[in-house]
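In: Have a look; sequence and predicted model below, questions after that.
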Amino acid sequence: MTGLSASGRSASRRQRLEVSRASTTAQIAALKRDFDGIVEANALVAVDDEHDPEGSSTAFERAHVASLLSRAAEHLEEVDRALDRLERGVYGWCEGCGRRISAARLEARPEAAACVRCAEAGRRHGPDTR
């Protein structure tokens, strides 16, 4: 990325974030379908999770998909916040200490709002700066 102009880097970053947003949105839709399918399948049978031998695995599956859905929604929020930072011209600056976030970190985690040092220290000046 070092050979790109500032506007070229910004366009490349925006494109990566938009691709991440689209794939996360698709993942959320698929997980919602999975969750709805699990709930619907369980509604068709009178299941007593406590006494049904399949009940615990059904409850686990439902909880697992709900957890994945929650994490995907959090990731989508992180991406949206990164797009907002890009729009405001503050993308790539740590919300914790105000220093530049390394290019390697942004390459690995384009939605990062904190440098490695602040992320490891657990400094959180925004909703989530992982």
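Out: Now that the structure is in, tell me what you want to look at.

In: going forward, measure contacts and count neighbours with C-alpha atoms only.
Out: Will do.

In: any idea of the mean pLDDT in stretch 78-87?
Out: The average of the pLDDT scores along stretch 78-87 is 97.

In: can you map out the helices along this protein?
Out: 6-43, 55-88, 103-108, 116-121 (DSSP state H).

In: Who are the contact partners of the nearest residue to Ile38 once chain neighbours are set aside?
Out: Spatial nearest neighbour of Ile38, chain neighbours left out: Arg62 (6.5 Å); criterion: C-alpha to C-alpha, 6 or more residues apart in numbering. Arg62 makes contact with Phe35, Ile38, Val39 under the criterion C-alpha atoms under 8 Å, 6 or more residues apart in numbering.

In: let's see it at 10 Å
Out: Contacts for Arg62 (C-alpha atoms under 10 Å, 6 or more residues apart in numbering) come out as Asp34, Phe35, Asp36, Gly37, Ile38, Val39, Asn42, Ser56.

In: how close does the fourth one sit to Ile101?
Out: According to C-alpha to C-alpha, to the nearest Å, Gly37 and Ile101 sit 41 Å apart.

In: More neighbours: these two, which one.
Out: Neighbour count, other C-alpha atoms under 10 Å: between Gly37 and Ile101, Ile101 has more, with 21 against 13.

In: That one touches Ala108, doesn't it?
Out: No: checked against C-alpha atoms under 10 Å, the pair Ile101 and Ala108 is beyond contact range at 11.4 Å.

In: on that earlier part again, tell me which of the helices of the chain lies nearest to Glu95.
Out: Closest of these to Glu95 is helix 116-121, at 8.7 Å (criterion: C-alpha to C-alpha).

In: Which parts of the closest one count as buried, going by neighbours?
Out: For helix 116-121, the neighbour count (16 or more other C-alpha atoms under 10 Å) marks Cys118, Ala119 as buried.

In: Quick one: distance of it to the chain centre.
Out: Remark: helix 116-121 is offset 18 Å from the chain centroid, using C-alpha atoms, centre = their mean, to the nearest Å.
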